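J.: this one's sequence-less:
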């Protein structure tokens, strides 16, 4: 890699200005070193230029580009939240660092999911269709090497192309659907996303719950990706049939059976055969293989992942229609995604919450899970019905028993445990910090449960990363069994009951001491209130300090045993070691010397 860098330094096309200051100075100094034949200084200055160039390109790709995408997403979605540019300017002036970070984070998430969709799309379409987008799964793809080898104008052109593609996608999937929604359903927008509850951690805790628990569980479902891939393939097949572009889009038909002009990425690719290996580098530019040549710019061995196809008549017009259909599909899909889950969630929430306004994150999550559940049930029924109604009845009975076990497990592990954990956290942390001694604390069970879910997730992750103990062993056993092979007895008696007992012990014992013992000591009402408020954090500190001392004592004991064994243990027998010095001095003849 260093040799390639040093060789690349000798190329004149590398020395293009990245910034008008540093790189011009480096280029001038290197030119002077070349003129004076200072080879070592020339190489050092060339390496400095490469470091500056790669650093600036990394900042551009990872910092500036996601930030631009985040701000563009915000601007295109202002009407969806009934906001204006003036509001964004005010929030930016109030907290510029937070605003920049949040927009960068949103842009990074958008870029990540866009790249994930492109990877999914590559699994459906013909290799070579997406020649203008980099293939992240290509084993020869090396972004750092590209940053070093390609000149600056190539990087600038690629950056502008990415901005155009991503910006146009945001327009198609946000701005246009929002305008259509405002025209078709005037009362549907804006989304209600304001924090309006009086509880100190109400909305924030539920938003964290949705973002950390609900939505990841939905997105990690393997069926969701399979359904998305199936829908993309159905759309691609239908569009290819309408426009007669199946050979170009899918490439799953022999080129002999398709009328048109054969387009080959390499000269030695014959109709109906697979592309030649990567050693062939003759690009057929005359037949229009420019996209294959574009892919082969950095790979001198030739284009990678290109499959020949045949062009029908009016090919350019058909491509224009393909792009138009793609834009229409993106806009319609976004329109459905912005209206159907939220509308369904609002209808379901209105049954429970009435006319109260609910945060749209909750309605969207409720609608998404309902749609996912309906699709899952339909897919399962379509898979079971061909096997006969006897099989369907047996499967229904098995899944009913599994549902009962899951409900019992959910009530204990997702209901009782998070509630107790959230209540304990509020008594230990929230109440001593937020509630004065002359005021009575108010408890919100729903908010305590939401915080408990988040804390339970963190504790589970820490327990799984820690050493072997009873909680980790029980959790690993439950994870290995899964839902289908769930051992309800193991879950209840080895996991749920011990955890619930421990939490109840932590909640009840301090309360009994503060309410049942302290009043009999005659210390006064003020002292009783102070003890009741401070006993939970005090006991937590006591437990932590005791645990720390116990841990350190065990570590010192292990260290002592390790030193003793290293110094005196030979095989399985201690030699030249005796605890009682007097006994050792009185009986020196019993000492065994080796």
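T.: Arrived safely, thanks for sending. Remember, it's a predicted structure, so these values are computed and weren't measured experimentally.
J.: gap between residue 59 and residue 508?
T.: Going from residue 59 to residue 508 by C-beta to C-beta, to the nearest Å gives 55 Å. C-betas here are computed from N, CA, C, even on glycine.
J.: State the mean pLDDT of the longest helix belonging to the chain.
T.: Counting residues, the longest helix found in the chain (DSSP state H) is helix 525-568. Mean pLDDT, computed over helix 525-568, is 86.
J.: other SSEs contacting it?
T.: helix 431-434, helix 497-512 (3 or more C-beta pairs under 8 Å, 6 or more residues apart in numbering; DSSP states H and E).
J.: Residue 236 is nearest to which of the ones you listed?
T.: Closest to residue 236 of the helices and strands packed on helix 525-568, according to C-beta to C-beta: helix 497-512, at 49.4 Å.
J.: in the closest one, what's buried?
T.: By 16 or more other C-beta atoms under 10 Å, the buried positions in helix 497-512 come out as 499, 500, 503, 506, 507, 510.
J.: hang on, isn't residue 420 packed against residue 502?
T.: No. Between residue 420 and residue 502 there is no contact under C-beta atoms under 8 Å: 9.3 Å.
J.: Any idea which helix or strand in the protein has the lowest mean pLDDT?
T.: Within the chain, confidence by mean pLDDT, DSSP states H and E is lowest for helix 2-9 among all helices and strands, at a mean of 33.
J.: And the strands in this protein, which stretches?
T.: Taking DSSP state E as the criterion, the chain contains strands spanning 261-263, 309-311, 569-570, 573-574.
J.: per-stretch mean pLDDT over these, give me the minimum one.
T.: Averaging pLDDT over each of the strands of the chain puts strand 573-574 lowest, since it has a mean of 59.
J.: Show me the shaky parts of the stretch 301-450 of the chain.
T.: 301-306 (pLDDT under 70).
J.: again, 50 this time
T.: 301-304 (pLDDT under 50).
J.: which residues in it form helices?
T.: Per DSSP state H, counting those that start in this stretch, the stretch 301-450 of the chain carries helices over the ranges 315-353, 360-384, 389-409, 417-425, 431-434, 445-465.
J.: taking those together, which one is wrapped up most tightly?
T.: Across the helices of the stretch 301-450 of the chain, averaging neighbours per residue (mean count of other C-beta atoms under 10 Å) puts helix 417-425 on top, at a mean of 21.
J.: ok, residue 327 - contacts?
T.: residue 172 (C-beta atoms under 8 Å, 6 or more residues apart in numbering).
J.: wait, what's in contact with residue 124?
T.: Residue 124 neighbours (C-beta under 8 Å, 6+ apart): 229, 232, 233, 236, 250.
J.: which of those has the weakest pLDDT?
T.: residue 250 (85).
J.: Surely that one and residue 123 touch.
T.: No. With contact defined as C-beta under 8 Å, residue 250 does not reach residue 123; the gap is 11.6 Å.
J.: Quick one: closest of the helices and strands packed on helix 525-568 to residue 311.
T.: Judging the helices and strands packed on helix 525-568 by C-beta to C-beta, what sits closest to residue 311 is helix 497-512, at 65.6 Å.
J.: helices or strands up against that closest one?
T.: helix 417-425, helix 470-481, helix 525-568.
J.: So which residues make contact with the shortest one?
T.: Helix 417-425 is touched from outside by 443, 445, 447-453, 455-456, 459, 496, 499-500, 503-504, 506-507, 536, with contacts defined as C-beta under 8 Å, 6+ apart.
J.: where does that helix sit relative to the chain's centre, distance-wise?
T.: Relative to its chain's centre, helix 417-425 lies at 27 Å (C-alpha atoms, centre = their mean, to the nearest Å).
J.: buried residues in stretch 45-65?
T.: 45, 46, 48, 49, 50, 53, 54, 56, 57, 61, 65.
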